[in-house]
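[1] Below is the structure, and that's it, no one-letter string:
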């Protein structure tokens, strides 16, 4: 969501394994296993193809983010394969955002930089996920031409109770602005958090306050209401949300 006004701007694509006996299996249970046995990249391709099929009739102003693991960024073919899938389905690359973790920046600096540069040259945006919880340095923020940082949900706790997190979050937003990066805050669950982030100049937010993970059908239904903004959304005449 856009922090100012609450307009719906996009979705993060979440993987879920629907097991016949166990029901819904969350990604933290099966993604590490898929990565270990070498099938994670194929799973990513299939997921992106599913997304492309779904969103062809959705408003072209909406963006969609997918996650890439550090191991995937060592694959020199992954950028070309992802781009080929978008071309096959006629999806503008500007609608896709690739999320990476801070650990990805230090796993293989050279290989990661080449993959990310290739994606960005084609128009795909790059977001640094869970910002503040990994090992990225200011040098990494300078060397990798990122488009967005996503403030980890752990820093949003206690924002209205004098927590030290307030100073950290405000510093992150200031840092992002100085580097001309868009800023998303993750894990927003309370209106008070939303209000603080609006006051401090954060661009976007996601979290249970706006909606939990949902299948594509429910997401389509949300578009008709969410795109008009949420009731009670903080608004500021000084800032304009950007995709």
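    Received the coordinates, thanks. Given the structure is predicted, the values throughout are model-derived calculations rather than measurements.
[2] Would you mark the buried spots in the helix ranked longest in the chain?
    When the chain is parsed with DSSP state H, its longest helix is helix 40-55. Under the neighbour-count criterion of 16 or more other Cβ atoms under 10 Å, helix 40-55 has 40, 41, 44, 48, 51, 52, 54, 55 buried. Yep, even glycine has a C-beta here, placed from its N, CA and C like the rest.
[3] for stretch 156-173, the distance to its chain's centre please.
    Chain-centre distance of stretch 156-173: 21 Å, with Cα atoms, centre = their mean, to the nearest Å.
[4] gap between the two ends of it?
    13 Å (Cα to Cα, to the nearest Å).
[5] Please enumerate the helices of the protein.
    Under the criterion DSSP H, helices of the chain are mapped to 27-36, 40-55, 78-89, 102-107, 109-121, 138-143, 165-178, 191-200, 216-226.
[6] Export the ones you listed to TSV and append columns for distance to residue 158.
    Written out in TSV, the entries for the helices of the chain read as follows (distance: least, Cβ to Cβ, whole Å):
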stretch	distance to residue 158
helix 27-36	24
helix 40-55	35
helix 78-89	38
helix 102-107	23
helix 109-121	34
helix 138-143	26
helix 165-178	6
helix 191-200	10
helix 216-226	28
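[7] Of those, which is nearest residue 3?
    Ranking the helices of the chain by proximity to residue 3 (Cβ to Cβ) places helix 191-200 first, at 4.9 Å.
[8] which helices and strands does that closest one pack with?
    In terms of contact count using 3 or more Cβ pairs under 8 Å, 6 or more residues apart in numbering; DSSP states H and E, helix 191-200 is assigned the packing partners helix 165-178.
[9] what does the helix it packs on contact?
    Residues from elsewhere that reach helix 165-178 (Cβ atoms under 8 Å, 6 or more residues apart in numbering): 131-132, 141, 149, 151, 155-159, 182-183, 185, 196-197, 200-202.
[10] So which of those are in strands?
    The strands in this structure, assigned by DSSP state E, contain 131, 149, 151, 182, 183, 185 from the contacts of helix 165-178.
[11] How much space separates the fourth one from residue 219?
    Look at residue 182 and residue 219: by Cβ to Cβ, to the nearest Å, they are 22 Å apart.
[12] Identify the residues contacting the closest residue to residue 107 other than its chain neighbours.
    With Cβ to Cβ, 6 or more residues apart in numbering as the criterion, residue 107 has its nearest non-adjacent residue at 4.1 Å, and that residue is residue 70. Residue 70 makes contacts with 100, 101, 103, 104, 107, 108, 112, as judged by Cβ under 8 Å, 6+ apart.
[13] Most neighbours out of those, which is it?
    Each of the contacts of residue 70 was scored by neighbour count (other Cβ atoms under 10 Å); the top score is that of residue 104, with 27 neighbours.
[14] from what I can see it touches residue 98, true?
    No. In terms of Cβ atoms under 8 Å, residue 104 does not count as a neighbour of residue 98; the distance is 10.2 Å.
[15] which residues do the two both contact?
    The contact sets of residue 104 and residue 98 overlap at residue 68 (Cβ under 8 Å, 6+ apart).
[16] what stretches of the protein score poorly on pLDDT?
    Across the chain, the stretches falling below the confidence threshold (pLDDT under 70) are 226-243.
[17] how far away is residue 165 from residue 129?
    Separation of residue 165 from residue 129 (Cβ to Cβ): 18 Å.
[18] before we move on, what about residue 63?
    As judged by Cβ to Cβ, residue 63 and residue 129 stand 15 Å apart.
[19] Which of these two has more residues huddled nearby?
    Neighbours around residue 63 and residue 129, counted as other Cβ under 10 Å, are more numerous at residue 129. The numbers are 23 against 18.
[20] if I pick that one, what's in contact with it?
    Residue 129 makes contact with 67, 99, 100, 101, 150 under the criterion Cβ under 8 Å, 6+ apart.
[21] Kindly recompute the last result at 10 Å.
    Under the criterion of Cβ atoms under 10 Å, 6 or more residues apart in numbering, the contact list for residue 129 reads 12, 65, 67-68, 98-102, 104, 148-152, 184, 186.
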